[in-house]
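In: Next one to model:
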Amino acid sequence: MARFVLVHGAFGGTWAWGRVAPLLIDAGHTAEVVELPGAGSDPTPIADVSLAAYAERICSILADGEPALLVGQSMGGMAITQAAARCPQCVAALAYVAAFLPEDGESLLDLVGLPEGAGDQVQANVVVEGDPPVARLPPEVAPEVLYHCAAPEDATWAARQLGPQAVAPFAQPLEVGGSVEREAFAALPRAYVTCLQDRAIRPPLQRLMYTRARCDPVIELDTDHSPWLSATDEVANALVRIAAALS
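Out: Got it, this is the predicted structure:
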């Protein structure tokens, strides 16, 4: 039995894993879903939202149980990587689902700026305003950007759930600590679920990230950026496979 801790992406909340978590539990595992600071119903002020705050929230949940298979989707990959660098002793393995996977000193904006990230439809459609800045993905474009392989009614529902996203964590780089933490973090097994029709994190960028991180296994799903919605059974099965492979 594995302990899964699931982390959502930008604009998201616990609702994003609401269909997958029960399938993991039905398969005999435990599954906890993290709501990141400032996301969903979390009241954290935008000015206090940061990559470090994400890591602190995740590590506080990880500490309340055995080492977990820590799963991140989309921007959640940045969050789980920073958390694993901060509290590697609480992590059994890392699994990325169409997610950003940074190297030390690299931010999300650094990654989307790479040539392999060209054609990213989130960057093409996001609206940023306010001080401190907040990003929003208009619900009228979200189905085509994030959910184009999902049933139309599911895509419409998900687009309506999207919330504001603090911009600050996008620019903040992964920071790996001292030699002890660095060694433990580097030793963590990593796996990747890559989505071949992704319009948000283009497949060439996913390939670059999981190749240089030596992810194993890498599981391909022929779907969009949000397999928790468009390919729910398949992503749950992929996570169960990863748990078995990395246990």
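
In: my guess is residue 208 meets residue 115, correct?
Out: No: the pair residue 208 and residue 115 does not pass the contact test of Cβ atoms under 8 Å, sitting 9.3 Å apart. Using the backbone N, CA and C atoms, a C-beta is placed for each residue, glycine as well.

In: Counting neighbours, go ahead and name the busier of the two.
Out: Neighbour totals were compared for residue 208 and residue 115, and residue 208 leads with 17 against 8 (other Cβ atoms under 10 Å).

In: Let me know the distance separating the residue nearest to that one when sequence neighbours are not counted from residue 212.
Out: Leaving aside its chain neighbours, residue 208 sits nearest to residue 116 (4.8 Å; criterion: Cβ to Cβ, 6 or more residues apart in numbering). Noted for residue 116: a distance of 11 Å to residue 212, by Cβ to Cβ, to the nearest Å.

In: Same check on residue 167?
Out: 26 Å.

In: For the chain, which segments count as helices?
Out: Taking DSSP state H as the test, the helices found in the chain are 21-26, 51-62, 76-86, 108-112, 121-125, 142-146, 152-161, 168-171, 179-186, 203-212, 227-230, 232-246.

In: Out of the ones you listed, which one sits most buried?
Out: Sort the helices of the chain by mean neighbour count, taking mean count of other Cβ atoms under 10 Å, and helix 76-86 sits at the top with a mean of 27.

In: mind checking how far the most far-flung residue of the chain relative to its centre is from residue 186?
Out: What lies farthest from the middle of the chain is residue 179; by Cα atoms, centre = their mean that is 25.9 Å. As judged by Cβ to Cβ, residue 179 and residue 186 stand 10 Å apart.

In: now residue 29
Out: Distance from residue 29 to residue 186, by Cβ to Cβ: 26 Å.

In: So residue 34 is in contact with residue 6, correct?
Out: Yes: assessed by Cβ under 8 Å, residue 34 is found in contact with residue 6 at 6.7 Å.
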